[in-house]
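Undergrad: Below are the sequence and a predicted model for it; my questions follow.
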Amino acid sequence: MADLADGALAAKLASLRATLAAMPGTLVAFSGGVDSTFLLRVAHDVLDARCIALTTASPTAPVEDLEGARAFGAALGVEHVVIDANELAIPGYAENPVNRCYFCKDNLYTICLAEAARRGGTLVVVDGANVDDLADHRPGLVAAAERGVRHPLVEADLTKADIRAASRILGLETWDRPASPCLSSRFPYGTTITAERLEQVAAAERWLRARGFRELRVRFHDRTARIEVPVADMPRLLTPPLRDDVVRELRRLGFTWVALDLQGFRSGSLNEDVGR
């Protein structure tokens with residue numbers, strides 16, 4: 001960490017390392033995203049074999065995320081446990097209530113704690129929540145509090161910008177990776193989530209990414225697909241023949257109408273109406 005020019009960031013990273021070093025061992029709830037990848041790297045640096053990673057394989061997560069998590073775990077040399085999970089089988093989840101994320105995280109932490117208990121109960125279950133998450137609609141944080149899951153990045157006062165900056169210094173390819181929340185976040189609250197609908201959205205986003213769009217969401221509004229991309233990417237999306245190809249492909253996937261959100265890409269846009 002000696003090459004860190006930002007004294008405040010260096011102090012936060014020193015705090016993170018000290019927090020992890022005080023633990024007998026960690027089980028990192030590892031999604032493969034920016035935050036949990038960074039946490040896993042630092043935890044493994046500090047604890048070595050006393051750090052393990054756990055990822056759930058679920059229809060609510062893009063298959064590319066699981067593949068990326070597996071690849072990173074193998075390259076890091078960390079013990080990586082992958083367990084099948086299906087949130088759609090959790091009572092109440094598929095109905096997509098406003099606290100849907102609670103059910104998902106409660107299930108994840110139940111799996112993590114069971115694995116930690118199976119290994120003797122000395123591993124502390126940690127996740128990649130950061131300071132910025134505390135200001136968003138995050139029912140999963142309630143599940144974490146109930147289960148005693150710790151947030152080392154929050155404890156070290158690390159923001160998303162801090163994590164990206166530190167990830168870049170550490171040489172992590174995820175440092176500038178766009179956020180990749182679960183596919184269920186593409187559905188307005190109250191819209192029923194099914195395996196078929198999840199795959200429909202995943203396939204649409206996969207097709208768009210293959211054409212060079214890095215930051216995007218395809219929001220599911222029954223027969224309408226609402227596409228979010230950064231404003232700067234809109235001209236390319238709207239230029240023939242790509243515009244026609246997008247409409248043709250999304251109609252092939254089962255959507256009747258294809259709409260472009262003129263506000264542009266913004267993570268968590270379906271939370272904008274929560275509490276109104």
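TA: That came through, no problem.

Undergrad: buried ones in stretch 75-87?
TA: Buried residues in stretch 75-87, counting neighbours by 16 or more other Cβ atoms under 10 Å, are found at 76, 78, 80-81, 85, 87. Any C-beta I mention is one placed from the backbone N, CA and C, and that applies to glycine too.

Undergrad: Turn the residues you listed into TSV, including pLDDT, secondary structure and distance to Asp157.
TA: Formatted as TSV, those follow (pLDDT from 0 to 100; DSSP: H, G, I helix; E, B strand; the rest coil; distance: Cβ to Cβ, whole Å):
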residue	pLDDT	secondary structure	distance to Asp157
Leu76	98	helix	25
Val78	98	coil	25
His80	98	strand	28
Val81	98	strand	29
Ala85	96	coil	31
Glu87	95	helix	31
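
Undergrad: Looking at these, which is nearest Trp175?
TA: Among the buried residues of stretch 75-87, Leu76 lies closest to Trp175 (Cβ to Cβ), at 15.2 Å.

Undergrad: give the contact list for the closest residue in space to Asp176 that isn't next to it in sequence.
TA: Distances taken as Cβ to Cβ, 6 or more residues apart in numbering place Arg164 nearest to Asp176, at 6.7 Å, with adjacent residues excluded. By Cβ atoms under 8 Å, 6 or more residues apart in numbering, the contact list for Arg164 reads 34, 175-176.

Undergrad: Helices - which of the residues you listed land there?
TA: Among those, the residues falling in helices (DSSP state H) are Val34.

Undergrad: how about the host helix or strand of Asp245: buried residues?
TA: In this assignment (DSSP states H and E), Asp245 forms part of helix 242-252. Of all the residues in helix 242-252, those buried under the rule 16+ other Cβ under 10 Å are 246, 249-250.

Undergrad: For that helix, enumerate the helices and strands it packs against.
TA: Applying 3 or more Cβ pairs under 8 Å, 6 or more residues apart in numbering; DSSP states H and E, one finds that helix 242-252 contacts helix 195-209, helix 234-238, strand 257-260.

Undergrad: rerun that using 7 Å as the cut-off
TA: Counting contacts by 3 or more Cβ pairs under 7 Å, 6 or more residues apart in numbering; DSSP states H and E, helix 242-252 is packed against helix 234-238, strand 257-260.

Undergrad: now the last one, how far from the chain's geometric center?
TA: Centroid displacement of strand 257-260 relative to its chain, using Cα atoms, centre = their mean, to the nearest Å, is 25 Å.

Undergrad: just for the stretch 1-150 of the chain, where's the confidence low?
TA: Along the stretch 1-150 of the chain, segments meeting pLDDT under 70 span 1-5.
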